[in-house]
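Peer 1: Sequence and predicted model, in that order:
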Amino acid sequence: MQAPSVGGVRLPKGRGETIKLPRGASLTDFADKINANPASLVQVLFHLGEMVTSTQSVSDDILELLGTEMNYVVQVVSPEEEDRELLDSFSISYGENAGDDDDLEFRPPVVTIMGHVDHGKTRLLDTIRKANVREGEAGGITQHIGAYQVITELEGIERPITFIDTPGHEAFTAMRARGAKSTDIAVIVVAADDGVMPQTTEAINHAQAADVPIVVAVNKIDVEGANPSKIRQQLTEYNLVAEEYGGDTMFVDISAKQGTNIDQLLEAILLTADASLDLRANPNMEAQGVAIEAHLDRGRGPVATVLVQRGTLHVGDSIVAGDASGRVRRMLDEHGVDVTEAFPSRPVQVIGFTSVPGAGDTFLVVDEDRVARQIADRRRARERNAELAARRKRVSLEDLDAALKETNQLNLIIKGDNSGTVEALEDALMKIEVGDEVELRVILRGVGGITEGDVNLATASDAVVLGFNVRAEGKATELANREGVEIRYYSVIYQAIEEIEAALKGMLKPEFEEATLGHAEVRQVFRSSRFGSIAGCLVMDGVIRRNAKARLLRDSVVVAENLTVNSLRRVKDDVVEVREGFECGLTLGNYNDIKDGDVVETYELREKPRA
C-alpha cells in the first residue's frame, strides 16, 4: 500500500502498526524497521519543516511526527526495556529469582534513612554504626550515598540490617528517589521540635511511590519544645497513622544524639519487615544488584559501592554495571575488611571496574569479560545517542535564521568526587531558569580530579571547569593558567548553584527602560539653508540635552520617532543642556517637518537591573 505523496516522496504506508525505537534513534533506525530508504525519510521531514540528517540522533517528538505522517505508532522504549532486550540478546535474565521456592533463602532487609535536612539522619546512622562521617561533610550535609550493614538482636537471634544513607539536600532528589527504589523499608526521620518540612513530604512521596513500608523515627525528643504527638498528628495527613491511633505505621521516639530508643527502632524495622515483606532471594545464582555509589580513587582506580539483590558476588567474577565493566579484583565491607563473597542484601565496595559506574546503575555478573565489555559498549552507545538527541534543538525552516544567530551559551565541565554528586549537581544546574536568551550546556561530567585533558577540552569549547570536592591534577593548573581556563572549586552544592545562576544572569543581554528627560514646546520654526529647520522652543519641564534621544509630538500624537537633538543653543551659545523655563533653539538631525505648537520630548535609555 503506497502512502500519499509528501513533497513528491512516496513511501510504504503503515496500517497503525507499533514500531519500537530506542531514545535517540536516527532516521536510519526508523527506515530499517519499515524497509524504507533513509534519504526518503529525510525528504519527508524536510517537507514537514524539520531539517535532520539520516544518521543523527533525533528527539522523541520528531520520531512521533514522522510516525504520525506515515501512519505508524512510534513507541520510544524506556532504557529499562531496551536494557532487557539487550540482555535477552546475550541470553541473560535479569531481575528474576531463578529456581523454585526451595532455592530461596531469607535475606536481611534493606533500609533507607530519609527526611528533611538537619533532622538528624546522619547522626542516627552514626549512632547505629558507631562511626562518624558527619564531621567530614562540608556544611554538615551528606553529599553522597553510603551503604552499611549492622547486626541487631530480635528474640535472642542476631539479625543483620542493611542501611542506605541518602543525602538530605533538595538538590539530591534524584539520588533519594533512587535510594527509595532499591530499598525494602524507608525510615522517615522527623525532628520532634521542627515538624513536617518540605523534604519530609518529598521523602514520604518517594517511599510511597516505591511502594515500600514506612517506619517513622521521631528524633530530637530530648530537645526543648519537642512534641512527638504533634508529629503523629501531622503525618496522618500523609496516610501514616501510628499503631496507637489504630493505624499500621510504627512510630519510635528516639534521640540520635543521646542514643535513646535506638534498639527499639531496629526492632521496629525487623518487625515491619517480618509482617509486611517476604524477603527472600536465591543466593545460588550469578549476582545481580545495584550500584549505590561510585568514585575514582587515586590508588585503587574506580571503586563502586554495590548492593547485591540476588545471587552471590565473588572475587574474580566478570561484572558489568551500566556502561562500566570489569572483573572483581577485590571486595571490602563497610569497615574496609576484605571479603571473598557477598550474599543478597550485602553492600560491598568493588574494585576492578575499568571506568566509574553511575550511581543507581544495575550490575550483573556475566560468564566472561568479553560479554561484559560488549554489554557496556552497547549501553554506552545508547546513552550517547540519547544524550545527543536531548541536546540537539529542533531547527525548523521558519526559525533557521534565528538558529544561525549567535546565542549566549555557558559551557561547563563538571568533575566531582563521586558519580552521584556529579549527577545531582548537573541536575540542579540544568533547572536554573534564566529565560531563553541564555543556554547552559554541560559538555562533560566525570569522576576524579581535573586533568589536562579536561583543561584542553575547556580551551577548545570555551568552558568553565567546576571541581566539586576535587582539585586539578599535576600540570592541569599550570595549563589552565596559561590557556586562561577558569577552574572553580566547590564543596557545598548551594554555593555552586548560586554562582552559576549569577553567571548566567550576567550573560543575559541588558534590558533597558526609557527615562523621560523633558519636554519643549516649539514656539517658532526658522528655516536655514545650512542647518535645515531650527525649532525655537520653550522648555516646559525637565531638561533638554544635546545628543539625547527625542520624539516629536503633534496634538499629543507621535509623528516622528528615533530622533536625536543634534545641536542645542541658548541665545547664541552652544550649550549642553537647557532647563525648565528657558528658551532654546534646536535641530533634530535631518528631520525638517517641524511646525509651531509641536512638542519635542527627550529621553534616555537606562539599563534595567535584573531581578
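Peer 2: All right, it came through fine.
Peer 1: What are the phi and psi values at Val190?
Peer 2: The phi and psi torsions at Val190 (degrees, to the nearest 10) take the values phi -130, psi 130.
Peer 1: Then the one 3 residues further on?
Peer 2: The phi and psi values for Asp193, taken as degrees, to the nearest 10, are phi -100, psi 0.
Peer 1: That one contacts Pro228, doesn't it?
Peer 2: No. At 9.9 Å, Asp193 does not count as touching Pro228 under the criterion of Cβ atoms under 8 Å. C-beta coordinates here come from the backbone N, C-alpha and C atoms, glycine included.
Peer 1: So if I had to pick from these two, which one is more boxed in?
Peer 2: Pro228 (20 against 17; other Cβ atoms under 10 Å).
Peer 1: could you point out which element follows the host helix or strand of Arg551?
Peer 2: Assigned by DSSP states H and E, Arg551 belongs to strand 549-554. Counting by DSSP H and E, the next helix or strand C-terminal to strand 549-554 is strand 557-564.
Peer 1: Determine the set of other helices and strands touching that following strand.
Peer 2: Packing partners of strand 557-564 (3 or more Cβ pairs under 8 Å, 6 or more residues apart in numbering; DSSP states H and E): strand 549-554.
Peer 1: again, only using 10 Å
Peer 2: Here strand 557-564 touches strand 549-554, strand 599-608, going by 3 or more Cβ pairs under 10 Å, 6 or more residues apart in numbering; DSSP states H and E.
Peer 1: nearest to Asp248, of those?
Peer 2: Among those, the nearest to Asp248 by Cβ to Cβ is strand 599-608 (57.4 Å).
Peer 1: Let me see the mean pLDDT of stretch 455-472.
Peer 2: Averaging pLDDT along stretch 455-472 gives 87.
Peer 1: Name the residues of it that are buried.
Peer 2: Val455, Leu457, Ala458, Ala463, Val464, Val465, Leu466, Gly467, Phe468, Asn469, Val470, Ala472 (16 or more other Cβ atoms under 10 Å).
Peer 1: how about the first one, what does it touch?
Peer 2: What that stands for is Val455. By Cβ atoms under 10 Å, 6 or more residues apart in numbering, the contact list for Val455 reads 413, 463, 465, 472-473, 475-483, 485, 487.
Peer 1: Next: the third one.
Peer 2: Contact criterion Cβ under 10 Å, 6+ apart gives 411-413, 443-444, 450, 464-465, 479-480, 483-487 as the residues in contact with Ala458.
Peer 1: pretty sure it is in a strand, no?
Peer 2: No. Looking at Ala458 with DSSP: H, G, I helix; E, B strand; the rest coil, it is helix, so not inside a strand.
Peer 1: Skipping its backbone neighbours, what lies nearest it in space?
Peer 2: Spatial nearest neighbour of Ala458, chain neighbours left out: Val485 (4.6 Å); criterion: Cβ to Cβ, 6 or more residues apart in numbering.
Peer 1: What residues does that neighbour make contact with?
Peer 2: Taking Cβ under 10 Å, 6+ apart, one finds 413, 450, 454-459, 462-465, 472, 476-477, 479 in contact with Val485.
Peer 1: among those, which are in helices?
Peer 2: In this view, the contacts of Val485 that belong to helices under DSSP state H are Asp454, Val455, Asn456, Leu457, Ala458, Thr459, Ala476, Thr477, Leu479.
Peer 1: neighbour-wise, which of the contacts of Ala458 leads?
Peer 2: Neighbour-wise, the contacts of Ala458 (other Cβ under 10 Å) top out at Ile450, 25 neighbours.
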